[in-house]
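Student: 3D model of this:
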Amino acid sequence: MGMKNLSVRFYVRICVCMLFSLSFAGCSKEKDISKVTPSSAGGEVVSVTTLLATVSAQEKSVQNLFQLTFNDRGRGVAYIAETEGKVRVVYNGKPGMAYQSIGMMILSPDGQRVAYTALSEGKWRMVMDAEEGAIIDEVGSPVFSPDSRHIAYEAKTGGEWQLVVDGKKSGPCPPHYIYHDKFFSSDSAKLISIENPEENNGGPLRVVVTDLAFKRLSVKEIQGNNFVYNKDKTRIALIREENGKKRVVEF
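Tutor: Next up, the predicted model:
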């Protein structure tokens, strides 16, 4: 990717025939140069080309590859770029603070918020909407609620893992367990976490449901593996082995 004297522009081609219909309003301060090309048959839209972001000549790619992320509805775009030996997130054309390394980066469902894990002086922190969280020993991947108002992630301090939602911490994960997964309910009012035995010692998984203030509402222990969720995250299915035979269990 040549970066000497030319700025690099990212374009996304969206094919309507593949059932993608995205709106990129507000993605960049650049002038909108979207073009619609009608087909020769019935004037139907067949493709759209939109300028998402412009990368300056001073920004080098990370490992010769820019890490691009845009949200499901196409209303936000972010990428990670290197400048003077540091990396930073550029969100909707606005560069963030420089760090030693950037880990997991996500955009909210509405594209109006960004969150990522950042390493500085050997310590991790969560950065949300350009605001730095507390320095911690280890940090898990962030997840936004469906309404984009809340964000959750795992944080390890003093050897104990906790969940953090909007800056509020849960109690520590039970001894010998780690967080396998976490997600919000479809109404964004509850947080569901999957706790897994730390050393795969055959112990049961724990499905814990709490409100966002970490008042525990439900705890269910289940035995099995390879579990999946439905789209609304209201049901879980897994494979359970009993007496040498396997069955699919749903609850």
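Student: what number of residues lie near Leu217?
Tutor: Using other Cβ atoms under 10 Å, Leu217 is surrounded by 11 other residues. The way it works is simple: take the backbone N, C-alpha and C, and place the C-beta from them, glycine included.
Student: identify each buried residue in the helix or strand where it lies, please.
Tutor: Per DSSP states H and E, Leu217 falls inside strand 216-222. Residues of strand 216-222 classed as buried by neighbour count (16 or more other Cβ atoms under 10 Å): Ile222.
Student: can you list the strands that that strand pairs with?
Tutor: Sheet pairing for strand 216-222, assigned by DSSP bridges, gives strand 205-211 (antiparallel).
Student: and the strand it pairs with, what's its mean pLDDT?
Tutor: When pLDDT is averaged along strand 205-211, the result is 90.
Student: ok, and what's touching it?
Tutor: The contact list for strand 205-211, computed with Cβ atoms under 8 Å, 6 or more residues apart in numbering, reads 170, 174, 177, 180, 185, 189-197, 216-224, 227, 236.
Student: change it to 6 Å
Tutor: The contact list for strand 205-211 (Cβ atoms under 6 Å, 6 or more residues apart in numbering) reads 190-196, 216-222.
Student: now that strand: buried residues?
Tutor: By neighbour count on 16+ other Cβ under 10 Å, the buried set for strand 205-211 is 205-208, 210.
Student: can you put these in a markdown table and add distance to Ile102?
Tutor: Shown next, in a markdown table, are the buried residues of strand 205-211 (distance: Cβ to Cβ, whole Å):
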| residue | distance to Ile102 |
| --- | --- |
| Leu205 | 31 |
| Arg206 | 31 |
| Val207 | 31 |
| Val208 | 30 |
| Thr210 | 29 |
